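Trainee: predicted structure and sequence below. I'll ask about it afterward.
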Amino acid sequence: MAKYPLEPFKIKMVESIKMLSREQRIHKIKQAKYNLFNIIAEDIFIDLLTDSGTSAMSDSQWAGIMRGDESYAGSRSYLHFEESIKSIFGYENVIPTHQGRAAEALLFSTILKPGDHVPSNIHFDTTEGNIRNNGGIPVNCVIDEGLDPASTFSFKGNVDINKLQKLVDEVGLDKIPIAMITITNNSGGGQPVSLENIKQVYKYWKKHNVPFFIDACRYAENAYFIKLREKGYDNISVKDIAKEIFAHANGATMSAKKDGLVNIGGFITMKDSELAKQMISRLIITEGFRTYGGMSGRDLEAVAIGLQEGLNEDYLKYRIEQTAYLGESLLEQGIPIVQPPGGHAIYLDARSILPNISQEYFPAQALSVSLYIEGGIRSAEIGGLMFAYIDEKTGKTIYPELDLVRLAIPRRVYTRSHLDFVVQTVKKVMDNRHMLKGLRITYQPKLLRHFTVELEEIS
Ligand SMILES: Cc1ncc(COP(=O)(O)O)c(C=O)c1O
């Protein structure tokens, strides 16, 4: 039987949750046009939509909130924020943003020209959206194992250098002004990247003079996986591993809503001071002055503390083992998931669970909807609804390699019995899977459609 870790904390404050009846849930999902983003949080029993901004903050962070300095320029809280980030990332320039996508918007609006390409292992949806919004083309170059849900390779988030070379040969270096890597690789199952791979990728881009940035949302979880799985790192502290990661890149964007253990906040940090200056000019127009960038002083303070707490090894052990518990318990019930369990979430392999629903009818969304109907659980579709797009040259719809349902685990929020209930619910859905129907789109916006898309069941 899967082993549940001991929590390295006790609970000081609680929030009630309640379960609607099955009839009410069916009514709510129809009303929400089969889009779980349209359901109000009160009508959810267990919310696994995202691990982003949903962490329980610690007593130290709440104390920091009270100490927040709300001065417009040069606040004490900004200095604490900057010092905390520099102690981990080590870059000269630190620019606060209200969350991760604002950091991405600054980066790509400063660096990209229409027609430029941006390689990564797999870009997250907001990263893709921001690249496309600035006329760029995101290119995913993850290793083949990263696209095979059944592969148990330890570092499925790694980049395939041959795929990078192929891209360079095809489009030329002058069309690649920046390269990235996402750690852990959220859109590919929350899988880690090895330090060896980060070093190789950095070396490759350095040779070609292309700046290399890390999407660092879950860098602490990635560093902990390196400690567990990569040869030579078991006696090195997670903080030192993190420092080594960032020593092999030119900069990083971060949504602090993940491993920063806060409810809002983000930043972009980099070596290049000239590039940082250009971004600061844009920041002042779009986010705010360079020492708060869209955040309040108290939020800067909570990030400064949360980033250090997120590196605590007792916490990381609990975090990674809690996620593994959910994954292993699902596997024990014969439910196909992306293997091995990732850092922040478990991903159900919707295409294997629902082979009777073809990609154009969104099997992962159908599965996600049924988890709500069955147990009031909210999950996220990471598949065709999120990533399919129309190829401008051929007019054909290009579907992603994987159709997944992500069960993201908020940090320090749910207990063992909550996770056991999730497993029972997935099992029930799995047992009745032949009853599930596909979905068709009745409304969609141009970019990031999954947030506001409307759907109906196919008959
Ligand atoms: C890998 C990755 N990059 C970027 C983002 C965007 O961050 P934010 O939601 O703070 O804008 C996310 C959010 O989930 C993410 O997982």
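Mentor: Looks like it came in fine.
Trainee: up against the ligand, what does the chain have?
Mentor: Neighbours of the ligand within the chain, by Cβ under 6 Å from any ligand atom: 52, 99-101, 124, 126-127, 182, 186, 215, 217, 255, 257, 266. (Glycine included, C-beta is placed from N, CA and C.)
Trainee: could you rerun that using 8 Å?
Mentor: Applying Cβ under 8 Å from any ligand atom, we find that the chain lies next to the ligand at 50-53, 99-104, 124-127, 182, 185-187, 215, 217-218, 253, 255-258, 266.
Trainee: among the residues you listed, which are in helices?
Mentor: Of the residues of the chain next to the ligand, the ones assigned to helices by DSSP state H are 100-104, 125-127.
Trainee: can I get those in TSV including pLDDT, distance to Gln444 and neighbour count?
Mentor: Converted to TSV, these look like this (pLDDT from 0 to 100; distance: Cβ to Cβ, whole Å; neighbours: other Cβ atoms under 10 Å):
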residue	pLDDT	distance to Gln444	neighbour count
Gly100	98	24	27
Arg101	97	20	19
Ala102	97	24	25
Ala103	98	26	33
Glu104	98	22	28
Asp125	88	14	20
Thr126	92	17	20
Thr127	96	20	25
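Trainee: Leu455 should be in a strand, yeah?
Mentor: Yes: using DSSP: H, G, I helix; E, B strand; the rest coil, the assignment for Leu455 is a strand.
Trainee: residues near it, how many?
Mentor: Using other Cβ atoms under 10 Å, Leu455 is surrounded by 22 other residues.
Trainee: thought it was touching Ser368?
Mentor: No: in this structure Leu455 lies outside contact range of Ser368 using Cβ atoms under 8 Å: 11.0 Å.
Trainee: buried only: go through the residues of the chain next to the ligand for me.
Mentor: With burial judged by 16 or more other Cβ atoms under 10 Å, the buried subset of those is 50-53, 99-104, 124-127, 182, 185-187, 215, 217-218, 253, 255-258, 266.
Trainee: give me the beta-bridge partners of the single nearest residue of the stretch 201-350 of the chain relative to the ligand?
Mentor: Relative to the ligand, the nearest point of the stretch 201-350 of the chain is Ser255 (3.0 Å; Cβ to the nearest ligand atom). Taking DSSP bridges as the rule, Ser255 bridges to Gly266.
Trainee: measure it to Leu228 for me?
Mentor: Distance of Ser255 to Leu228, given as Cβ to Cβ, to the nearest Å: 24 Å.
Trainee: tell me the contacts of the residue of the chain found nearest the ligand?
Mentor: Per Cβ to the nearest ligand atom, Gly100 is where the chain lies closest to the ligand, at 2.5 Å. Applying Cβ atoms under 8 Å, 6 or more residues apart in numbering, we find Gly100 in contact with 126, 215, 217, 253-257, 266.
Trainee: how many residues are close by Leu354?
Mentor: 25.
Trainee: distance from the chain centre to the helix or strand where Ala304 lies, please.
Mentor: Assigned by DSSP states H and E, Ala304 falls within helix 297-309. Relative to the centre of its chain, helix 297-309 is centred 19 Å away, using Cα atoms, centre = their mean, to the nearest Å.
Trainee: in terms of secondary structure, what does the next helix or strand after it contact?
Mentor: The helix or strand immediately downstream of helix 297-309 is helix 313-332, counting by DSSP H and E. Helices and strands touching helix 313-332, by 3 or more Cβ pairs under 8 Å, 6 or more residues apart in numbering; DSSP states H and E, are helix 219-229, strand 345-349, helix 416-431.
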